[in-house]
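Undergrad: Dropping a prediction and its sequence here:
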Amino acid sequence: MRIAMISEHASPLAALGGEDAGGQNTHVAELSVALATAGHDVRVYTRRDCAELPGTVRMLDGVAVVHVPAGPPEPIAKDELLPYMAEFGQWLADQWQGDEWVPDVVHAHFWMSGLAAVAASQRTGVPVVQTYHALGTVKRRHQGSMDTSPANRVGYELELGRTVDRIVAQSQDEVRELIRMGVPWSRMTVVPSGVNDQNFSPVGPVAHRDGGRPRILSVGRLVERKGFQDLISAMRLVPDAECVIVGGPPADQLGDDPQARRLRALAETYGVADRVRLVGAVPREEMPRWYRSADVLVAAPWYEPFGLTPLEAMACGVPVIGTAVGGLTDTIVDGLTGDLVPPRAPEALGAALRELLNDQVRRFGYATAALDRVRESYSWGRTADQLGAVYTAVSGVRRPTRAVV
Ligand code: UDP
């Protein structure tokens, strides 16, 4: 099949760790490769955010990344992109009407990509599959007035849920949220993300460690909802361990980053600064060595649509302590492949860390079961197969086109 992926802000070619570059970029990159490996022809459409970018970049056989001119060719924060989505959608429709390459299906990632996809579909009739990656209702609940999303995001997300041909949710928790919003259950299929077990595996190079302290690793963009501040607070309860945080801007820019400064100040306040290390952004291909260097991975988000980092750690044979939110409640089986603790509760996290770091047998048991679970249920090949079935189901249904005035 010819598959168009739309990922307006998250390019599969971007460096990760920055504020708007994380799981969605990885997801789109890995999924596209897996679909191409299964024999599909994939084009990923992402916004041109730099004038020097070529129009099209071939990632590998069967996957091309197309840079779409929509808005000024410069970096723009995700929350400021809405005004350019109509232009994005019209550009896609022009391409597909004038080009010999017309997709059988469009898979939109994030709600704004969905708007562009529906706009293009209205002129071309190409069916649309939507994955939200994150929901405005959840963000608003947790961030309140700090949420900088466009005011009408939730309305657009609901409208998409009722318009597109299929919604692919990533976790059972997301299904529950969508139902609460008013999206019918019958329109949804759950297909989780995966992990690349060729790259993320227990055997391979290991990042350097000094001394004999147990290492607690945590990975992600340095945004408040990732809960790094709760982990730093919990470090008071594990006085022998070190905490390594990977993510954020590159190491040489950490000193100017307000979030990094906030976390370092917090570590000083709690008297744990000598045991907390911020590494900055690490290239994707170097992530496995960081996971392998850890005794335990902590993922302590306040909310998390899916959460790739626990899966990546599990694939590297590292036990995980996660907060019982979002996708983590599907991927981590409490007491079997890791521990689940309440979010925003440093005491509970500290107690769980202390217990697990003191119990080598349990760590080994979790790591073994986690590896088994990842191999059985979370390969990208499996994700691609499940999505292939969804695409086949919707692509038989050509949508009626509508003239756009
Ligand atoms: N990541 C990376 N380098 C970094 C920080 C993160 O490659 O310095 C990757 C990480 O391995 C994972 C993704 O970024 O694949 C983060 O995805 P997750 O779902 O955990 O969080 P999101 O960014 O989507 O909120």
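TA: Structure's in. What do you need?
Undergrad: Could you chop the protein up by domain?
TA: Domain segmentation of the chain under automatic domain parsing yields 2-194+381-395, 215-377.
Undergrad: so can I have CSV of the ones you listed showing mean pLDDT and distance to the ligand?
TA: Yep, even glycine has a C-beta here, placed from its N, CA and C like the rest. Shown next, in CSV, are those (pLDDT from 0 to 100; distance: least, C-beta to the nearest ligand atom, whole Å):
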stretch, mean pLDDT, distance to the ligand
domain 2-194+381-395, 94, 2
domain 215-377, 97, 4
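Undergrad: so after the top helix by length along the chain, what's the next helix or strand?
TA: Assignment by DSSP state H gives helix 360-377 as the longest helix of the chain. Later in the chain than helix 360-377, the nearest helix or strand by DSSP states H and E is helix 380-395.
Undergrad: tell me what that following helix is packed against?
TA: Under the contact criterion of 3 or more C-beta pairs under 8 Å, 6 or more residues apart in numbering; DSSP states H and E, helix 380-395 touches helix 23-37, strand 105-109, strand 128-131, strand 166-169.
Undergrad: Quick one: closest of the domains of the chain to residue 201.
TA: Closest of these to residue 201 is domain 215-377, at 6.5 Å (criterion: C-beta to C-beta).
Undergrad: Residue 319 touches residue 296, doesn't it?
TA: Yes: if you go by C-beta atoms under 8 Å, residue 319 and residue 296 touch, sitting 5.3 Å apart.
Undergrad: which residue ranges form the strands in this protein?
TA: For the chain, the strands defined by DSSP state E cover 2-6, 41-47, 56-60, 63-68, 105-109, 128-131, 166-169, 188-190, 215-219, 242-246, 276-280, 296-299, 320-323, 338-341.
Undergrad: what are the pairing partners of the third one, and which direction each?
TA: Meaning strand 56-60. Next to strand 56-60 in the sheet, as set by DSSP bridges, lie strand 63-68 (antiparallel).
Undergrad: Overlap in contacts, residue 319 and residue 296.
TA: 356, 363 (C-beta atoms under 8 Å, 6 or more residues apart in numbering).
Undergrad: returning to what we had before: do you know which of the helices and strands packed on helix 380-395 lies nearest residue 86?
TA: That would be strand 105-109 among the helices and strands packed on helix 380-395, by C-beta to C-beta, at 14.4 Å.
Undergrad: possible to save the helices and strands packed on helix 380-395 as JSON lines with mean neighbour count?
TA: Below are the helices and strands packed on helix 380-395 laid out as JSON lines (neighbours: other C-beta atoms under 10 Å):
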{"stretch": "helix 23-37", "mean neighbour count": "23"}
{"stretch": "strand 105-109", "mean neighbour count": "28"}
{"stretch": "strand 128-131", "mean neighbour count": "27"}
{"stretch": "strand 166-169", "mean neighbour count": "23"}
